[in-house]
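Undergrad: Structure for the following, please:
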Amino acid sequence: MTDILGMIDEDTSKSALKEPLRIFLVAGEASGDLLGANLMRALKAERADVQFFGVGGKNMQAQGMESLFPMEELSVMGLAEVLPRLFKIMSRIRQTRKAVLNIKPHALVTIDSPDFCFRVVRQVKARSKDIPCIHYVAPSVWAWRPKRAEKVAKFLDHILTLLPFEPPYFTRHGLDATFVGHPVVEKIDSRGDANRFREKYGLKANQPVFCMLPGSRMSELSRLLDKFSETADIVLRHRHQAVIVIPTLAHLKPYIEKFFVGKGINPIVVTDDQDKYDSFSAGTAALAASGTVTLELALADTPHIIAYKLNPMSAWVAKHLVKTPYVNLINILLRRPVVPELLLEECEPQPMSRALLRLMDDRDARSQQLMDFREALIKIGLGDPKPPSVRAAEAVIETVEKNILKKRSALP
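TA: Next up is the predicted model:
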């Protein structure tokens, strides 16, 4: 069948779908909502007749989706949060599956949130083999639980990866996989304005700006904020004129501001995306919890280190099950320690402050990080004429077309 499809001329393939393109998308959290919105925008550019259904947040709704139910119901993390809402979540899985089967979309595209999305896909596949199921954002099988690749290959038809080395982990199990690039590179036009940030908050042109990002979950703040604030205190002793900036989410701002009362540190706490990116652009150095934010810092040319501390049980699991020598995506992409990683027992104020002060003082160390940042970002799509969302949209449409042609070829 692959040979037959490969012989079909491109014009024939493009005309295979004679009706409006129906895409059912499911996102379960804010990052997935942004990915979904970008994908929807790119799909509309490819197919003016596309129709969207599914579950998404405000960004996906702005692109023309009426969400089946509030996406926020799925944005729960950890056993303690999930258990009280387990029956509600299970009912939402069934509701989503029923909607997919009723609508009969040309493709079901699930975005990240594997705990919810994979359950939906398995239930759909158990009742219908005709709907291609595409998952956007591959689970990190290269880091831990590598057998997941073989498991997802049994119920997915295609997987879209953010990192260039991920597809072989899935194709070896017979699952089509396409590297599309990381969505962070699509933010190149909104990297921030340092002058605007300094003017807005009354900072001097040469005043050092130290960005501190202790995580986006309350559990992370409870573990990291104390260590990060002690680190900031040490940095301020050496750089009296420095200002601390903490970009965070709106619902976390009161907790952070209350934490710093009476501590002698008066950080600027910002919740607006523009302020966040402007602060990165103005940043002399940054301390961040591990995560995608480090790619945003790299895009803004902000030298930084990462630090993270887990609870004892999670730390034991990480030490014994994680297969990669690095946790920072820059380091993983380049296979070398570009960004200092101060994890677990090393997540302490003294080593963190030493690493930060070095980045603030050592021009060569700063310059080397910035050059390495550019190398890593190119690997995930920076400078590519086709942004990740366009590549993802093309992969979705190609999967739909192949499925239509496959069904036609099976007709008597």
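
Undergrad: C-alpha from now on. contacts and neighbour counts both.
TA: OK.

Undergrad: Which secondary structure element of the chain has the lowest mean pLDDT?
TA: One helix or strand of the chain scores below all others by mean pLDDT, DSSP states H and E: helix 2-7, with a mean of 35.

Undergrad: In stretch 335-351, which residues are buried?
TA: Of all the residues in stretch 335-351, those buried under the rule 16 or more other CA atoms under 10 Å are Val338, Val339, Pro340, Glu341, Leu342, Leu343, Leu344, Cys347, Glu348, Pro349.

Undergrad: Which of those sits closest to Gln368?
TA: Gln368 lies nearest to Val338 out of those, by CA to CA, at 8.3 Å.

Undergrad: Report the contact partners of the closest one.
TA: Ile330, Asn331, Gln369, Asp372 (CA atoms under 8 Å, 6 or more residues apart in numbering).

Undergrad: 7 Å instead?
TA: The contact partners of Val338, by CA atoms under 7 Å, 6 or more residues apart in numbering, come to Asn331, Gln369, Asp372.

Undergrad: do the same with Leu299
TA: Arg191.

Undergrad: Could you do the one 3 residues further on as well?
TA: With contacts defined as CA under 7 Å, 6+ apart, the neighbours of Thr302 are Phe280, Ser281, Gly283, Thr284, Ala285, Ala286.

Undergrad: Contact partners for the first one?
TA: This means Phe280. By CA under 7 Å, 6+ apart, Phe280 lies in contact with Gly192, Leu297, Ala300, Thr302.

Undergrad: For the third one, grab the count of nearby residues.
TA: It stands for Ala300. Close neighbours of Ala300, defined as other CA atoms under 10 Å, add up to 24.

Undergrad: from memory it sits against Gly283, does it?
TA: No - between Ala300 and Gly283 there is no contact under CA atoms under 7 Å: 8.8 Å.

Undergrad: low pLDDT regions in the stretch 101-250 of the chain?
TA: For the stretch 101-250 of the chain, the stretches with pLDDT under 70 are 189-190.

Undergrad: where do the helices sit along it?
TA: 114-127, 148-152, 167-171, 194-200, 218-238 (DSSP state H, counting those that start in this stretch).

Undergrad: now those in a markdown table, with mean neighbour count?
TA: Shown next, in a markdown table, are the helices of the stretch 101-250 of the chain (neighbours: other CA atoms under 10 Å):
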| stretch | mean neighbour count |
| --- | --- |
| helix 114-127 | 18 |
| helix 148-152 | 17 |
| helix 167-171 | 19 |
| helix 194-200 | 15 |
| helix 218-238 | 18 |
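
Undergrad: ok, back up a step: now rank the contacts of Thr302 by neighbours and give me the top one.
TA: Top of those by neighbour count (other CA under 10 Å): Phe280, with 31 neighbours.

Undergrad: so where does that residue fall, helix or strand?
TA: helix 273-282 (DSSP states H and E).

Undergrad: quick one: that helix to chain centroid distance?
TA: 18 Å (CA atoms, centre = their mean, to the nearest Å).

Undergrad: Tell me the strands beside the next helix or strand after it, with direction?
TA: Downstream of helix 273-282, the next assigned helix or strand under DSSP H and E is strand 285-288. Within its sheet, strand 285-288 is paired with strand 209-213 (parallel), strand 304-308 (parallel), according to DSSP bridges.

Undergrad: excluding its backbone neighbours, what's nearest Glu345?
TA: Spatial nearest neighbour of Glu345, excluding adjacent residues (CA to CA, 6 or more residues apart in numbering): Lys309 at 7.5 Å.

Undergrad: from memory that neighbour sits against Leu343, does it?
TA: Yes - the pair Lys309 / Leu343 is scored as a contact, 6.0 Å apart, by CA under 7 Å.

Undergrad: For Asp176, give me its contacts.
TA: Asp157, His158, Ile159.

Undergrad: My understanding was that Gln123 contacts Thr96; is that so?
TA: No - if you go by CA under 7 Å, Gln123 and Thr96 don't touch, sitting 9.6 Å apart.

Undergrad: burial of Val390, as a residue count?
TA: 21.

Undergrad: Tell me how far it lies from Pro132.
TA: Val390 sits 19 Å away from Pro132, going by CA to CA, to the nearest Å.

Undergrad: cool, and Arg22?
TA: 12 Å.

Undergrad: Just want to know which of those two has more residues nearby.
TA: Just comparing Arg22 and Pro132: by other CA under 10 Å the higher neighbour count belongs to Pro132, 23 against 18.

Undergrad: Quick check: phi and psi on Val270?
TA: Here is the backbone geometry of Val270 (degrees, to the nearest 10): phi -120, psi 150.

Undergrad: any idea how far the closest residue to it other than its chain neighbours is from Gln368?
TA: Once flanking residues are discounted, Val270 sits nearest to Pro247: 4.8 Å by CA to CA, 6+ apart. Distance of Pro247 to Gln368, computed by CA to CA: 25 Å.

Undergrad: Can you spell out which helices and strands pack onto the helix or strand harbouring Met360?
TA: Taking DSSP H and E as the definition, Met360 sits inside helix 349-361. Judged by 3 or more CA pairs under 7 Å, 6 or more residues apart in numbering; DSSP states H and E, the packing partners of helix 349-361 are helix 218-238, strand 285-288.

Undergrad: Output these in TSV, with distance to Leu68 appended to each entry.
TA: What follows is those, written out as TSV (distance: least, CA to CA, whole Å):
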stretch	distance to Leu68
helix 218-238	28
strand 285-288	35
